[in-house]
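S.K.: need the 3D shape of this:
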Amino acid sequence: MEQQPYTYKQTELSEPDWRRIPGWRHVTRVEWESAKWQRSHCIKSVRELRALFGSTIDDCFYEDLQRDQLERATMSMLTTPHMVNTMAPEAAVVRHGSNLTAAFYEDPVRRYMLPVFSDRHATMPSHPAASRDSLREKDMWVSEGLIHRYPTKVLLELLATCPQYCGHCTRMDLVGRSTAIANKRKLELSPAARIQKMLGYIRSNPSVRDVVLSGGDLANLPWHQIEQCLMHLLEMPNVRDIRISSKALVGLPQYWLQADLLNGIHRVGKIARQRGVSISIHTHANHINSLTPLVAAAVNSVLDAGIREVRNQGVLLEGVNSEASDLLDLCFGLIDAASITPYYFYMCDIIPFSEHWRIPLSRAQVLQHDILGYLPGYATPRIVCDVPLAGKRWVHQVSSYDREKGISYWTKAYATPLDGPDALTRHYVYFDPIHTLPEAGRAWWLTRTPYAKAMVASLCGGE
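M.R.: Numbers count the residues shown, from 1 in each chain. Prediction:
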């Protein structure tokens, strides 16, 4: 057969040797594989990163990172040792006089876990349409943290913390500690009171069949609280599908390998099977370097314990996975070596200071085209645009698209609590990054800069 644009290669996962990094030179395997050790040694500041890598990374990188924390970061710095260890895994063999600065700057995992000031777009770091809650989730709460956005599905924001924070987080308005530029909203009810209100709503709305438990990350909630919530949901005849959201399956797999947790999953899974309810886990890997043998072990352990399926919901990010080869490498790694089904790749949401990550709709459409035919159909991810108020739309579902101005228009077949009577007939809008537009499009936006936000509001129907 002729040479193909992409050449398949079977994936063999490897765990980078953490002892190559100066600050972890004496860390034992028992410590490394302990969830408690991982949590207590998370990197939370530039000072801690410097203590870990020392002079193997130049001062210019630490200064770049510190400036971003002060002027651009919408998420506070919090990265697990496991996640840090996947950054520059091949270049980071620390010998006397070695220097990792260039490799660290170029590393795809670093780009979204530890963004630096020089990563951000220099002239337009934020789009005029950027919003701290770009999907209007807070406005769709039917009780605190309970989002009823789709007709048959609800999402429960059970908590507002994670074991690690992604720079591109769509819930940057709620999740994590406040940063220098982003004062976060707070959940006011106690976890128990919040969950009781959520369960009461689901119980009283028989049209709800799908329940997504999210946050934050479920790995930061004590397992007994998760299990209690799951048991209540399993008692409701209307609930048929439960999804547990946890990036920690990739970023902190040690948590999901704990015996007491796996025993709890087994208890829940047994009842779910008896009642014909599917319980799955949705995780979040953006690059194949995130996948290690510990990740695969954690996934196989939860599957053996009773989870029906583990699926991946990644995010399209420039410089991370914005080439078809990047996506295919990751997807084959997921299905071949980690027992994870590729599910969605979301276009990065229009949040502040995200323009350097976002790609235009036209490129997302090309990526969807270019990955078709290589993967099994069941494991071919759908690339979606989460259009404000319209929800997840496959990138080829666009109703009309002005490529010059970078404005796409979308429709839907359901209503949310924020829609008026024209929900099924109006058009919803999404905006490409301005710096990716042709010259005429960039000029069009430039002439409207003084009143761009008002214009955006008008295009969005006055929202």
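S.K.: contacts and neighbour counts: CA atoms only from here.
M.R.: Fine.
S.K.: and residue 180, how many neighbours?
M.R.: 14 (other C-alpha atoms under 10 Å).
S.K.: that one reaches residue 71, doesn't it?
M.R.: Yes. Here residue 180 reaches residue 71: they are 6.9 Å apart, a contact under C-alpha atoms under 8 Å.
S.K.: residue 105: which element?
M.R.: In this assignment (DSSP states H and E), residue 105 forms part of helix 101-106.
S.K.: chain center to that helix, what's the gap?
M.R.: Relative to its parent chain, helix 101-106 has a centroid offset of 23 Å by C-alpha atoms, centre = their mean, to the nearest Å.
S.K.: chain center to the helix or strand following it: distance?
M.R.: Later in the chain than helix 101-106, the nearest helix or strand by DSSP H and E is helix 108-113. Offset of helix 108-113 from its chain centre (C-alpha atoms, centre = their mean): 12 Å.
S.K.: who touches helix 108-113?
M.R.: Residues from elsewhere that reach helix 108-113 (C-alpha atoms under 8 Å, 6 or more residues apart in numbering): 79, 84, 86-87, 104-105, 119, 165-168, 286-287, 289-290, 319-321.
S.K.: and the next element down the chain from that helix?
M.R.: Using DSSP H and E, the next helix or strand after helix 108-113 towards the C-terminus is strand 141-143.
S.K.: helices or strands up against that following strand?
M.R.: If contacts are counted by 3 or more C-alpha pairs under 8 Å, 6 or more residues apart in numbering; DSSP states H and E, strand 141-143 sits against strand 146-150, helix 191-203.
S.K.: ok, and what's touching the first one?
M.R.: For strand 146-150, the surrounding residues in contact (C-alpha under 8 Å, 6+ apart) are 137-138, 140-142, 154-157, 198, 391, 414-417.
S.K.: for the helix or strand harbouring residue 335, buried residues please.
M.R.: Assigned by DSSP H and E, residue 335 falls within helix 324-337. Buried residues in helix 324-337, counted by 16 or more other C-alpha atoms under 10 Å: 324-325, 327-335, 337.
S.K.: after it, which helix or strand is next?
M.R.: strand 341-347.
S.K.: just the angle for the helix or strand just after that next one relative to helix 324-337, thanks.
M.R.: Later in the chain than strand 341-347, the nearest helix or strand by DSSP H and E is helix 361-371. Orientation note: helix 361-371 sits at an angle of 50 degrees relative to helix 324-337 (axes from the mean of the first three to the mean of the last three C-alpha atoms, to 10 degrees).
S.K.: after helix 361-371 comes which helix or strand?
M.R.: strand 382-387.
S.K.: neighbouring strands - and their directions - for that following strand?
M.R.: The strands beside strand 382-387 in its sheet (DSSP bridges) come out as strand 341-347 (parallel), strand 391-394 (antiparallel).
S.K.: quick one: that strand to chain centroid distance?
M.R.: Remark: strand 382-387 is offset 13 Å from the chain centroid, using C-alpha atoms, centre = their mean.
S.K.: what about it, average pLDDT?
M.R.: Averaging pLDDT along strand 382-387 yields 98.
S.K.: and for stretch 139-157?
M.R.: Here the average pLDDT along stretch 139-157 is 96.
S.K.: mind checking the SS state of residue 213?
M.R.: Secondary structure state of residue 213, per DSSP: H, G, I helix; E, B strand; the rest coil, is strand.
S.K.: hmm, it is touching residue 156, no?
M.R.: Yes. The pair residue 213 and residue 156 qualifies as a contact (C-alpha under 8 Å) at a distance of 5.1 Å.
S.K.: okay, the helices and strands packed on strand 141-143 in TSV with distance to residue 370 next?
M.R.: Formatted as TSV, the helices and strands packed on strand 141-143 follow (distance: least, C-alpha to C-alpha, whole Å):
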stretch	distance to residue 370
strand 146-150	30
helix 191-203	40
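S.K.: give me whichever of these is most buried.
M.R.: strand 146-150 (a mean of 22; mean count of other C-alpha atoms under 10 Å).
S.K.: using PDB, list the CA coordinates for that strand.
M.R.: C-alpha atoms of strand 146-150 as PDB (Å, rounded to 0.1, in the frame of the first residue of the first chain):
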ATOM      1  CA  LEU A 146     -26.500  21.800  39.500                       C
ATOM      2  CA  ILE A 147     -26.600  22.600  35.800                       C
ATOM      3  CA  HIS A 148     -29.600  21.500  33.700                       C
ATOM      4  CA  ARG A 149     -28.400  22.400  30.300                       C
ATOM      5  CA  TYR A 150     -29.600  19.500  28.100                       C
END
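S.K.: angle of it against helix 191-203?
M.R.: Using the same axes, to 10 degrees: strand 146-150 against helix 191-203 is 30 degrees.
S.K.: ok, residue 290 touching residue 85?
M.R.: No. Look at residue 290 against residue 85 with C-alpha under 8 Å: they stay out of range, at 9.2 Å.
S.K.: any weak-confidence spans in this protein?
M.R.: 1, 91-97, 449-459, 461-463 (pLDDT under 70).
S.K.: spit out the contact partners of residue 301.
M.R.: Counted by C-alpha under 8 Å, 6+ apart, residue 301 has contacts 256-257, 262.
S.K.: just among those, which is most surrounded?
M.R.: Within the contacts of residue 301, residue 256 tops the neighbour count with 24 neighbours, counted by other C-alpha under 10 Å.
S.K.: that older thread, out of the strands paired with strand 382-387, deepest packed?
M.R.: strand 341-347 (a mean of 23).
S.K.: how close does residue 106 sit to residue 331?
M.R.: 21 Å (C-alpha to C-alpha, to the nearest Å).
S.K.: cool, residue 409 as well?
M.R.: Residue 409 is 29 Å from residue 331, where distance means C-alpha to C-alpha.
S.K.: hang on, the earlier thing: got the strands paired with strand 382-387 as a markdown table, with distance to residue 356 columns?
M.R.: Shown next, in a markdown table, are the strands paired with strand 382-387 (distance: least, C-alpha to C-alpha, whole Å):
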| stretch | distance to residue 356 |
| --- | --- |
| strand 341-347 | 13 |
| strand 391-394 | 22 |
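S.K.: give me the number of residues near residue 121?
M.R.: 15.
S.K.: that one against residue 318, yeah?
M.R.: No. Contact criterion C-alpha under 8 Å: residue 121 and residue 318 do not qualify, at 11.4 Å.
S.K.: spit out the residues that contact the two alike.
M.R.: In contact with both residue 121 and residue 318: residue 356, using C-alpha under 8 Å, 6+ apart.
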